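Enquirer: Pasted the sequence and its predicted model underneath.
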Amino acid sequence: MTNKTLLFGIVGGSGSGKTSIANALLRRMGEEGVNALLLDMDAYYAPLEVVKARFHGRPINWDHPHAFDLELMASHLKALAQGQPIRKPIYDFKTSDRLGWEEPLNPGQVVVLEGLLLFALPELRDQMDVKIFVDTDADIRILRRIQRDTAERGRSIESVIDQYLNSVRPMHLEFVEPSKRWADLIVPVGVENTTALDMLLHHVLGRLGEQG
């Protein structure tokens with residue numbers, strides 16, 4: 001069997017804990033000697049001028065597919081699956097703009113991808129080997145988002161709540177929640193679900209073992 005870099009997609013609403021799940025899975029794979037790379041969809045927001053043009057002067061909805069550079073991400077996933085290096089965009093959340101490009105990243109044996117819309121968009125979803133949905137209650141998600149955006153992104157509580165009501169929640173209901181049906185595994189709670197993490201690690205090792 002020809003070796004192929006495995007693409008593991010992790011989706012969940014904003015604040016669901018998908019990043020924590022991804023990091024925990026990478027740490028466990030590293031302990032087993034698996035060479036893995038983490039790739040976040042947030043890095044693939046389109047340049048600010050492009051996003052402004054797409055919304056034609058309307059308020060920008062950062063949770064809508066139009067805010068992302070989907071063509072670039074799809075091409076990067078294809079390259080990674082074939083074992084080719086990519087240069088990941090550098091995105092700054094304080095200026096809402098792309099700043100440049102990272103040094104080339106080699107995919108290794110596994111690439112763990114995490115993001116809101118990975119399963120909602122067929123150009124991304126169809127490239128995933130395994131699809132995981134992190135299912136966390138809305139009240140926990142909004143509290144985590146408030147903590148993150150105020151501490152890490154310099155936002156006010158009022159602006160975080162306004163964005164949640166005007167775009168995050170509607171887009172979650174339109175795109176994120178329905179994409180649960182594409183998942184191979186739904187993980188309740190989040191990173192505290194050690195049984196699910198054990199299952200995921202076992203599956204990774206099994207898939208790699210099949211490739212020899």
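Expert: On my side now, so go ahead.

Enquirer: For the longest helix seen in the chain, which helices and strands make contact with it?
Expert: Assignment by DSSP state H gives helix 194-210 as the longest helix of the chain. For helix 194-210, the contact count by 3 or more Cβ pairs under 8 Å, 6 or more residues apart in numbering; DSSP states H and E identifies strand 6-12, helix 18-31, strand 130-135, strand 185-188 as packing neighbours. For glycine as for every other residue, the C-beta is placed from the backbone atoms N, C-alpha and C.

Enquirer: between these, which one is nearest to Ala53?
Expert: strand 6-12 (27.3 Å; Cβ to Cβ).

Enquirer: what angle do that closest one and strand 130-135 make?
Expert: 20 degrees (axes from the mean of the first three to the mean of the last three Cα atoms, to 10 degrees).

Enquirer: so where's this protein uncertain?
Expert: Within the chain, the stretches falling below the threshold (pLDDT under 70) are 1-3, 190, 212.

Enquirer: Could you pull out the strands in it for me?
Expert: 6-12, 36-40, 89-92, 97-101, 110-114, 130-135, 185-188 (DSSP state E).

Enquirer: Excluding residues flanking it in the chain, which one is nearest Lys18?
Expert: Ranked by Cβ to Cβ, 6 or more residues apart in numbering and with sequence neighbours excluded, the top spatial neighbour of Lys18 is Gly12, at 4.1 Å.

Enquirer: Could you give the number of residues near that neighbour?
Expert: 28 (other Cβ atoms under 10 Å).

Enquirer: Check the gap between it and Phe119 for me.
Expert: For Gly12, the distance to Phe119 equals 10 Å [Cβ to Cβ, to the nearest Å].

Enquirer: Between those two, which contacts overlap?
Expert: Residues touching both Gly12 and Phe119 by Cβ atoms under 8 Å, 6 or more residues apart in numbering: Phe133.
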